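# I'd like to go over a predicted model; first the sequence, then the structure.
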Amino acid sequence: MEQKTKVSAEDGQHDLVITREFDLPVDLLFKAYTEAEFLEQWMGTKVLRLESKKHGSYQFETSDGKGNVAFKASGVIHEFNPNQKITKTFEMEGMPFGVQLEVYEFVQLTPDTSKLNMHVIYESVAQRDQVLKLPFAQGINMAHNRMQEILNKLK
Amino acid sequence: MLLVASQALTAGAIAANFDTARPTVSKHLQILTECELLEQKQTGREIYYQINAKNMKQVADFIEPFRQMWDDRFNKLEDIMKAHQSKK
């Protein structure tokens, strides 16, 4: 089966491309990115500020399951073209991943379907690879924690 | 990589598909073999190169959790916006 979400990250490059086709009209896909009410729901983050316009800025705050702030992210919007394109920066505060540049292209395929091309450019190859490894590392951590729990019960 | 995905080929046959000089292609094949992404198979006087499927899968697996994370987010986005659409 063909995967709906594709990630392309060439070895030794400091960028990556994520593409996805949606069963949504392009204006609804765009809305999911530009209105706090929707972004909060699908990103699972609290939107502190979201100025969806050229030179606007945004700030998110993500909490863990216990209500503690896990991380804050912020950035500035450089290009805002309704239902077509957004160019913005993204930075996770207090993390060693630097500032990344994100270029989002919203493409209408049919009146009911659309496609998102997300091009993310990092400061270095090492930073891109760290971000790529993050969910992989978290998965391993979770597996290790689970193993520890099971081993603790056996003691 | 695409060339050798379906069949084992000699270095000469692989080089014939590129505008690059033969020694450059040989160097690339050597590196990919050292990284164990390609494997060599000697048949008579010829050395054939073929993909090492096991290790190629490891490379893909490394990105898979990242892809999965975005796939989950996008599935959620689609569900939320569809619900919003039907409410209108």
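Yes, it's here.

# got the contact list for the residue nearest to residue A:114 when sequence neighbours are not counted?
Nearest in space to residue A:114, with sequence neighbours left out and distances taken as Cβ to Cβ, 6 or more residues apart in numbering or on different chains, is residue A:26 at 4.0 Å. In short, each C-beta sits where N, CA and C put it, glycine included. Neighbour list for residue A:26: A:83, A:106, A:107, A:108, A:114 [criterion: Cβ atoms under 8 Å, 6 or more residues apart in numbering or on different chains].

# could you list which of these belong to helices?
Judged by DSSP state H, helices contain none of the contacts of residue A:26.

# and the strands in the chain, which stretches?
All of this is about chain A. A:5-8, A:15-22, A:46-50, A:57-63, A:69-81, A:85-92, A:99-110, A:113-121 (DSSP state E).

# my question was about chain B
So, for chain B - with DSSP E - the strands run B:9-10, B:38-43, B:46-51.

# can you redo these as JSON lines with mean neighbour count and distance to chain A?
Formatted as JSON lines, these follow (neighbours: other Cβ atoms under 10 Å in any protein chain shown; distance: least, Cβ to the nearest Cβ, whole Å):
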{"stretch": "strand B:9-10", "mean neighbour count": "16", "distance to chain A": "22"}
{"stretch": "strand B:38-43", "mean neighbour count": "13", "distance to chain A": "14"}
{"stretch": "strand B:46-51", "mean neighbour count": "16", "distance to chain A": "16"}
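
# and for stretch A:31-48, what's in contact with it?
The contact list for stretch A:31-48 (Cβ under 8 Å, 6+ apart) reads A:24, A:50, A:52, A:58-63, A:73, A:86, A:104, B:73, B:76-77, B:80-81, B:84.

# list the buried residues in that stretch.
A:31, A:32, A:33, A:34, A:36, A:38, A:39, A:41, A:42, A:43, A:45, A:47 (16 or more other Cβ atoms under 10 Å in any protein chain shown).

# pLDDT on it, on average?
Average pLDDT, stretch A:31-48: 94.

# chain B contacts on chain A?
When proximity is defined as Cβ under 8 Å from any Cβ of the partner chain, chain A approaches chain B at A:3-7, A:9, A:18, A:20, A:22-25, A:28-29, A:31-32, A:38, A:41-43, A:116, A:131-136, A:138-139.

# narrow those residues to those in helices?
Checking the residues of chain A next to chain B against DSSP H, those in helices are A:28-29, A:31-32, A:38, A:41-43, A:131-136, A:138-139.

# kindly indicate which of those lies nearest residue B:38.
Nearest to residue B:38 out of these is residue A:132 (Cβ to Cβ; 23.2 Å).

# quick one: contacts for that closest one?
With Cβ under 8 Å, 6+ apart, residue A:132 has these contacts: A:9, A:16, B:62, B:63, B:66.
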